[in-house]
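*Asks:* predicted model and sequence below, questions to follow.
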There are 2 protein chains.
Amino acid sequence: MKKLINNPELVVDEMLEGFVKAHSQYVRQLPENKRSIVINRETRPGKVGVVIGGGSGHKPAFIGYIGEGLADGVPVGNIFASPPPDPILEVTKAVDKGTGVIYLYGNYAGDCMNFDMAAELAELENIRVETVRVTDDVASAPNSEIEKRRGIAGGFFVYKAAGAAAAMGHSLDEVVRLAKKANDNTRTMGVALTPCSIPQTRKPSFELGENEMEIGLGVHGEPGVERGELKPADEVADRLLNTILADMPLEKGDRVAVLVNGLGSTPYLELYIMFRRVSQVLAEKGIEIYRSYVGEYVTSLEMGGCSITLMKLDEELAQLVDYPADCPMFVQK
Amino acid sequence: MKKLINNPELVVDEMLEGFVKAHSQYVRQLPENKRSIVINRETRPGKVGVVIGGGSGHKPAFIGYIGEGLADGVPVGNIFASPPPDPILEVTKAVDKGTGVIYLYGNYAGDCMNFDMAAELAELENIRVETVRVTDDVASAPNSEIEKRRGIAGGFFVYKAAGAAAAMGHSLDEVVRLAKKANDNTRTMGVALTPCSIPQTRKPSFELGENEMEIGLGVHGEPGVERGELKPADEVADRLLNTILADMPLEKGDRVAVLVNGLGSTPYLELYIMFRRVSQVLAEKGIEIYRSYVGEYVTSLEMGGCSITLMKLDEELAQLVDYPADCPMFVQK
């Protein structure tokens, strides 16, 4: 697969160089490590630090979400690979304002190991760290083993909720409670149509037939739950939505935030056609869409397909969703 | 090529239905025509109306740019096809506040014909209409025939400049002067790697070899100026940038706004690697990047590749670039 890159081994560092130059009013690289990216302004003393992260290749996640009302720092990994403990620890120290730091990331073995190690090292330096792992991917484990699920596009809602809570001045315990609540009320189901490829190999991350789709395929190409013929958009949307609603039942009068997320190469045209069906189905059930997000929020390089995320809202979560944010790749007034 | 759609004949209308539902706080469909989209709030009496438009398939252009500080209305065409005069006239009447309306669109035969017809019909109803055609695509005609050039991603800067000028309260003559100035100072060069396909045929819009690129290929698949082996990103960026700088010479101390625009399926990773080289080259020449935009601003469905746009700034244009905007698919604080 063709790519506009130079040396495949340098893609992350060259991307970061471009990113920081393009958005220097928002972000900076720590002098000790160019993979350690933090907000480029003084945050309020006593503000809880919000650190999100994981592998590269998912932009806007994660560095695109550094800014007011969202994350304070991101340790950057290689393509689809967790950052090691060093940049995590460095970012932690840089964003701690004496009240502790929350780690938020998708539930993947490599991320869990590295962020846990960094948390231990931070505690040795008297920085309190708490962790909330994102587990929104319904396809990745049954409801009875919900803590084993992977984190995908719904992470955006969890990061936004925690970022807003921290910006509002809440304590670390309270930010953790709200991030967990956001995660507990968020469900995602995705569909893949075409693969991506990592720069080192340029080989497709999976193979699908000319007219095939795969439901529940993971953002790094992890196997999904069902492969079959590509159906019309409305049928696909129904399939994704029904799985979410079976897992997280909603009642008439409930309110949700909706995210229809493009995986990388899916035209906005198709995302809005998917959103149309989501809004029809929810309207039929008497469920109110409180806020809508349609676009690329968590991608997998040039993968084709999309995901649907619902976050069930109460007053508290609605307030966090509404809170403004100002980041390089996401601005909400 | 696989698509998440229902009936290919209905993609535009179904997309619009989803779009308006997702962003009802920003936009509405006129009751007389669902292809006529206008801002969903009362604009200030006496404000010049800003109408942008063209074919579908270029999102965020054009409907994603309806909002404060940008456009007031968009007549929507079929995929890659100009809207007919009817929705243009309807949008014109809806956004006119007694001080006239400016039409802004890419310089394509179909758009010119239909917008000119609508302008004549509007004049019959005593609405003054002025037109500025976007001609930023350096590859599409030589400098000696600059008025024949097509409009591509640089249109974003022209729409933004005119939208800001109108929001500031300038007269139609002044908005026209500033839009022309923005267009005269904007140049774009693009490179395509992979084709898109329109929903009706699902056939690739052009063919390129496994390791080929085409410089200057148009957003609807119009032939470019050079086809050859895909080069490293830095070489491609140099090639695009040198062509722009030969066409619009810049001097040490000049200031520019930069847009690195993804055509649809190009990962952000690659766009930032391209931006990195642009920033290096401009720094070497002593040219200051005043503002940077990296992402998808004018796409061609799932086409692969990107374009580089420079707008040369004086105080007046810098002010327009800085002016805030609040649209469904573009927010600038």
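*Replies:* Okay, I see it.
*Asks:* burial count for A:A182?
*Replies:* Using other Cβ atoms under 10 Å in any protein chain shown, A:A182 has 31 neighbouring residues. Backbone N, C-alpha and C define where each C-beta goes, glycine included.
*Asks:* so the closest residue in space to it that isn't next to it in sequence, which state does it fall into?
*Replies:* Spatial nearest neighbour of A:A182, chain neighbours left out: A:A161 (3.7 Å); criterion: Cβ to Cβ, 6 or more residues apart in numbering or on different chains. For A:A161, the assignment made with DSSP: H, G, I helix; E, B strand; the rest coil gives helix.
*Asks:* mind listing what's buried along stretch A:308-323?
*Replies:* Buried residues in stretch A:308-323, counted by 16 or more other Cβ atoms under 10 Å in any protein chain shown: A:308-313, A:317-318, A:320-321, A:323.
*Asks:* which ones among the residues you listed map onto strands?
*Replies:* A:308-313 (DSSP state E).
*Asks:* is it true that the residue nearest to A:A182 touches A:A318?
*Replies:* No. A:A161 is beyond contact range of A:A318, at 10.3 Å (criterion: Cβ atoms under 8 Å).
*Asks:* all helices of chain A, in order?
*Replies:* A:11-22, A:85-95, A:109-124, A:155-167, A:172-184, A:233-247, A:268-284, A:315-322 (DSSP state H).
*Asks:* okay, and the beta partners of A:I39?
*Replies:* A:V27 (DSSP bridges).
*Asks:* next, count neighbours for it.
*Replies:* Counted with other Cβ under 10 Å, A:I39 comes out at 22.
*Asks:* surely it and A:G69 touch.
*Replies:* No. Under the criterion of Cβ under 8 Å, A:I39 is not in contact with A:G69, lying 10.8 Å apart.
*Asks:* and A:V129, how far from chain B?
*Replies:* 29 Å (Cβ to the nearest Cβ, to the nearest Å).
*Asks:* what's the neighbour count on that residue?
*Replies:* Neighbour number of A:V129 under other Cβ under 10 Å is 23.
*Asks:* how about it: what's its closest non-neighbour residue?
*Replies:* Closest to A:V129 by Cβ to Cβ, 6+ apart is A:A119, at 4.1 Å.
*Asks:* I'd assumed A:R128 was in contact with that neighbour.
*Replies:* No. Using Cβ under 8 Å, A:A119 is not in contact with A:R128; the gap is 9.4 Å.
*Asks:* which of these two has more residues huddled nearby?
*Replies:* A:A119 (21 against 16).
*Asks:* tell me the pLDDT of that one.
*Replies:* Looking at A:A119, its pLDDT reads 98.
*Asks:* please apply the same query to the one 10 residues further on.
*Replies:* Note on A:V129: pLDDT of 98.
*Asks:* same check on A:D86?
*Replies:* Confidence score, pLDDT, at A:D86: 98.
*Asks:* pull the number of nearby residues for it.
*Replies:* Neighbours of A:D86 (other Cβ under 10 Å): 17.
*Asks:* for chain B, see how far away it is.
*Replies:* Taken as Cβ to the nearest Cβ, the span from A:D86 to chain B is 22 Å.
*Asks:* touching, that residue and A:N33? I think so.
*Replies:* Yes. If you go by Cβ under 8 Å, A:D86 and A:N33 touch, sitting 6.7 Å apart.
*Asks:* now the buried residues of stretch A:308-323 in TSV, with distance to chain B?
*Replies:* Converted to TSV, the buried residues of stretch A:308-323 look like this (distance: Cβ to the nearest Cβ, whole Å):
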residue	distance to chain B
A:I308	11
A:T309	14
A:L310	14
A:M311	15
A:K312	19
A:L313	16
A:L317	19
A:A318	15
A:L320	18
A:V321	14
A:Y323	14
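*Asks:* tell me the contacts of A:V74?
*Replies:* For A:V74, the contact set (Cβ atoms under 8 Å, 6 or more residues apart in numbering or on different chains) comprises A:37-38, A:51-53, A:62-63, A:65-66, A:91.
*Asks:* ok, A:G100 next?
*Replies:* Contacts of A:G100 by Cβ under 8 Å, 6+ apart are A:48-49, A:127-130, A:172.
*Asks:* how about it, phi and psi?
*Replies:* phi 100, psi 170 (degrees, to the nearest 10).
*Asks:* just the pLDDT for it.
*Replies:* For A:G100, the model assigns a pLDDT of 98.
*Asks:* one more: the one 4 residues further on?
*Replies:* On the pLDDT scale, A:L104 is placed at 98.
*Asks:* same question, A:G221
*Replies:* 89.
*Asks:* now for the closest residue to it other than its chain neighbours, how many residues are close by?
*Replies:* Leaving aside its sequence neighbours, A:G221 sits nearest to A:S205 (Cβ to Cβ, 6+ apart; 3.6 Å). If you count neighbours by other Cβ under 10 Å, A:S205 ends up with 23.
*Asks:* likewise the one 10 residues further on?
*Replies:* Residues contacting A:I215 under the criterion other Cβ under 10 Å number 20.
*Asks:* and it, how far from A:M189?
*Replies:* Distance from A:I215 to A:M189, counting by Cβ to Cβ, to the nearest Å: 7 Å.
*Asks:* for A:T201, the count of nearby residues, please.
*Replies:* That count, for A:T201 with other Cβ under 10 Å as the rule, works out to 10.
*Asks:* how close does it get to A:P8?
*Replies:* A:T201 is 8 Å from A:P8, by Cβ to Cβ.
*Asks:* repeat that for A:P84.
*Replies:* The value you get for A:P84 to A:P8, if Cβ to Cβ is used, is 20 Å.
*Asks:* neighbour count: those two, which is higher?
*Replies:* A:P84 (17 against 13).
*Asks:* which ones are touching the more buried one?
*Replies:* A:77, A:114.
*Asks:* one more: A:L301?
*Replies:* So A:L301 contacts A:57, A:79, A:196-198, A:264, B:267, B:269 (Cβ under 8 Å, 6+ apart).
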